[in-house]
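**Q** Give me coordinates for this.
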Amino acid sequence: MININPKKLTLVILLVLCSFISFAQATKFKVTLDAGHGAHDFGAVYNGHIEKNINLGITLKVGKILEKNSSIDVIYTRKTDVFIDLVERANIANRADATIFVSIHCNANKNTAADGTETYVMGMSKNASNLEAAKRENSVVTLEKDYKQKYQGFDPNKPETMLGMTIMQEEFIENSIALAGKVQDRFVQDLGKKSRGGGVKQAPYMVLHKAYMPRVLIENGFISNPVEGAKLDSEEGQQEIAEAIAQAIVSYKKDFFDGGTNENSTDKPSERIENKPIKAISEDTISKKKEPKIIDNKTEKGIVFKIQISASPTKLETIPSNFKGLTNITCTHTSIYKYMYGETSSYEEAKKLLKEATAKGYDSAFIIAFKDGKSINIKQAIK
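**A** Numbering: from 1, shown residues only. Next up, the predicted model:
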């Protein structure tokens with residue numbers, strides 16, 4: 001008969017249990033929900049509808065739905081009517097090592113007939129309406145203490161001063177677009193909402209800039225529209241929006257996280273937090289820098305630039321009629337389909353192709369790079 005020391009057995013059991021708990025926590029899907037605005041920052045106000053309150057109502061309802069799923073942890077940037085700095089909202093997600101960051105807002109327009117939804121990912125845009133939306137949300141930084149020191153060189157009235165901040169935007173862009181696409185799909189398919197201009201857009205939102213994970217900002221509708229505003233400010237309206245967002249998040253989790261397919265970054269967000277002031281780089285400063293080296297290879301080997309014009313879970317035939325008349329469309333597929341326009345070994349030529357794509361209405365298009373057929377960072381490509 002084997003004699004077992006009860007104390008040693010208890011210690012072994014505790015160690016195994018601790019290891020199991022640690023593993024379970026490490027493999028949990030963590031969602032940071034950010035209710036836009038708060039306290040003295042009311043957001044948009046129309047016809048008695050106050051954006052900060054609607055944002056919080058929807059956020060809490062999304063969280064309540066997700067919390068029923070034992071494999072999901074929910075982190076909130078705020079659960080009450082308080083004011084949180086924009087960079088702190090991102091850092092709440094970073095410190096929690098969140099898997100995704102979802103910022104919840106409402107839209108507004110002087111044209112009270114404007115309606116519909118749109119979901120933004122981080123990025124630079126030349127589209128006037130996208131920049132106007134970003135300018136409106138970024139203006140919140142002026143309510144923060146010492147904002148001029150904290151966001152050195154950043155002018156909330158000029159979103160283009162974030163140009164230098166967006167150089168690494170492609171790090172999470174594919175997953176961010178996929179998440180945004182799922183949100184818009186649920187809005188359109190489940191709620192019958194209008195998806196404005198394709199639904200998924202890019203703009204330089206400060207609240208998204210410092211979140212080191214796939215991140216989106218959802219504009220749930222226009223509170224300036226009498227009908228849509230009333231629906232947004234109702235319990236029924238907020239609940240159906242919350243259910244659509246929660247379903248999109250769960251679908252994203254299934255496609256990108258379950259089964260260990262989450263490969264966005266090797267570094268934890270909590271290890272990347274910077275305490276130094278955020279420096280914005282103006283477009284003038286960028287133009288004074290050394291021009292990128294022009295790569296001139298005649299084959300697909302080496303550096304190749306393409307213009308990503310869209311990404312979708314749906315496969316489309318790469319014919320001009322599906323892409324606003326553009327030819328030379330290629331497609332790659334990992335977890336989603338990415339559609340690209342043109343191909344060149346010259347970065348200067350790629351910028352011309354980008355202008356052609358945006359002229360066709362692809363306002364969120366951006367340059368991507370490949371080396372020997374493998375995707376690489378733009379900074380590496382133009383060294």
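**Q** Low-confidence stretches in the stretch 251-383 of the chain?
**A** Under the criterion pLDDT under 70, the flagged ranges of the stretch 251-383 of the chain are 259-267, 271-301, 311-314, 334-337, 363-364, 379, 383.
**Q** Strands along that one, start to end?
**A** Using DSSP state E, counting those that start in this stretch, the strands found in the stretch 251-383 of the chain span residues 278-279, 303-312, 329-333, 337-344, 366-371, 374-376.
**Q** So which other helices or strands are in contact with the longest one?
**A** In other words, strand 303-312. Applying 3 or more Cβ pairs under 8 Å, 6 or more residues apart in numbering; DSSP states H and E, one finds that strand 303-312 contacts helix 173-191, strand 337-344, helix 347-359, strand 366-371. In short, each C-beta sits where N, CA and C put it, glycine included.
**Q** tell me the angle of the first one relative to strand 303-312?
**A** The reference is to helix 173-191. 20 degrees (axes from the mean of the first three to the mean of the last three Cα atoms, to 10 degrees).
**Q** same question, the shortest one
**A** Orientation note: strand 366-371 sits at an angle of 130 degrees relative to strand 303-312 (the same axes, to 10 degrees).
**Q** neighbouring strands for strand 366-371, and are they parallel or not?
**A** With DSSP bridges as the test, strand 366-371 is paired with strand 303-312 (antiparallel), strand 374-376 (antiparallel).
**Q** With respect to burial, which of those strands scores highest?
**A** Stretch with highest mean neighbour count among the strands paired with strand 366-371: strand 303-312 (a mean of 23; mean count of other Cβ atoms under 10 Å).
**Q** As CSV, could you dump the C-alpha coordinates of that one?
**A** Taking C-alpha atoms only, strand 303-312 is exported to CSV below (Å, rounded to 0.1, in the frame of the first residue of the first chain):
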residue,chain,number,x,y,z
ILE,A,303,8.4,44.6,-52.4
VAL,A,304,4.9,45.0,-53.9
PHE,A,305,2.4,47.7,-52.9
LYS,A,306,-1.4,47.3,-53.3
ILE,A,307,-4.4,49.4,-52.3
GLN,A,308,-6.8,47.7,-49.9
ILE,A,309,-10.2,49.0,-50.8
SER,A,310,-12.5,46.8,-48.7
ALA,A,311,-12.7,43.8,-46.4
SER,A,312,-15.7,41.5,-46.0
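**Q** could you check the angle strand 329-333 makes with it?
**A** Here the directions of strand 303-312 and strand 329-333 differ by 70 degrees (the same axes, to 10 degrees).
**Q** ok, back up a step: now for the strands of the stretch 251-383 of the chain, which one comes closest to Asp233?
**A** Of all the strands of the stretch 251-383 of the chain, it is strand 303-312 that lies closest to Asp233, at 32.0 Å by Cβ to Cβ.
**Q** by how many degrees do that closest one and strand 337-344 diverge?
**A** Using the same axes, to 10 degrees, strand 303-312 lies at 150 degrees relative to strand 337-344.
**Q** Tell me which residues are up against strand 303-312.
**A** For strand 303-312, contacts defined as Cβ atoms under 8 Å, 6 or more residues apart in numbering pick out 174, 177-178, 181, 198, 200, 295, 297, 323, 326, 329-330, 336-347, 349-350, 353-354, 357, 362, 365-371, 376, 381.
**Q** Can you give me the buried ones in stretch 54-68?
**A** Neighbour-count burial for stretch 54-68 flags Ile54, Asn55, Leu56, Gly57, Ile58, Thr59, Leu60, Lys61, Val62, Gly63, Ile65, Leu66 (criterion: 16 or more other Cβ atoms under 10 Å).
**Q** can you check stretch 67-74 too?
**A** For stretch 67-74, burial by neighbour count (16+ other Cβ under 10 Å) applies to Ile72, Asp73, Val74.
**Q** Switch these over to TSV; also include secondary structure and distance to Asn111.
**A** Shown next, in TSV, are the buried residues of stretch 67-74 (DSSP: H, G, I helix; E, B strand; the rest coil; distance: Cβ to Cβ, whole Å):
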residue	secondary structure	distance to Asn111
Ile72	strand	38
Asp73	strand	40
Val74	strand	36
